[in-house]
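**Student:** got a predicted structure here, sequence first:
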Amino acid sequence: TVALLTQALSVCQSANGARAWWRSDTSTDTYEWFQPEKLTLCRVNLMRVLCEPLGAEDACAEVGTAAGLPALLLDVLRAGTASSGVRWAAEAACAIRCLAALSAYRECSAQLETSSDCLPLLCNELSKAAHGCPAERLVESISLQLHAVYCLTNLAHSETGCRAIAASDAPGILECIL
């Protein structure tokens, strides 16, 4: 199930402006599902469903890691680095929640450690959560912060992870939040 959900999330992430794969080449229109808002909603719903098994079972985190879910979640964050508001509040919070659940699994944590932009992406989202969050998005902002801190804590279990986090913007951002 986790592998299938990951595959569906991958299709949603890469479908921006693409033709629906189930449509024939003769047709020029695409389904409404492929509109940007529908894609965002679909990604958010998939990540919400994914988060449950990832946090409950190591085997699910193992399957998700093997299926490339950590890199895919970083792609979701990468695609929204300049975004704010509803897109940021919902999609980034879900992506970081899934990353936090996965980061408790050793293999995934090692993958995230070696990703050159994992820490900058987490710091970017932490910073956005700390600044300019509208009142109606406060709960999602706090949830994002908590899960980002949990993810950073898991990444800090190795000496390399500790050094990388200490050299990143995370300590300064966390000091401002606290």
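**Tutor:** Sure thing, it's come through. Numbering: from 1, shown residues only.
**Student:** grab the longest helix from this structure for me.
**Tutor:** Longest helix in the chain, counting residues (DSSP state H): helix 36-56.
**Student:** centre of the chain to whichever helix or strand comes after that one, how far?
**Tutor:** Sequence-wise, the next helix or strand downstream of helix 36-56 (DSSP states H and E) is helix 58-66. Mean-position distance between helix 58-66 and its chain equals 16 Å (C-alpha atoms, centre = their mean, to the nearest Å).
**Student:** average pLDDT for helix 58-66?
**Tutor:** The average pLDDT for helix 58-66 rounds to 89.
**Student:** then stretch 13-27?
**Tutor:** Average pLDDT, stretch 13-27: 53.
**Student:** which SSE is the nearest residue to Cys118 once chain neighbours are set aside in?
**Tutor:** Spatial nearest neighbour of Cys118, excluding adjacent residues (C-beta to C-beta, 6 or more residues apart in numbering): Leu112 at 4.8 Å. Placement of C-beta: from N, CA and C, glycine included. With secondary structure defined by DSSP H and E, Leu112 is part of helix 106-114.
**Student:** quick one: contacts of the helix or strand following that helix?
**Tutor:** Moving toward the C-terminus from helix 106-114, the next helix or strand (DSSP H and E) is helix 118-130. Contacts with helix 118-130, where a contact means C-beta atoms under 8 Å, 6 or more residues apart in numbering, come from 74, 77-78, 81, 84, 88, 92, 96, 99, 112, 141-142, 144-145, 148, 151-152, 155, 164-165, 168-170, 173-174, 176-177.
**Student:** ok, back up a step: can you pull the contacts of the residue nearest to Cys118?
**Tutor:** Taking C-beta under 8 Å, 6+ apart, we find Leu112 in contact with Pro70, Leu74, Leu99, Leu102, Ser103, Cys118, Cys151, Leu155.
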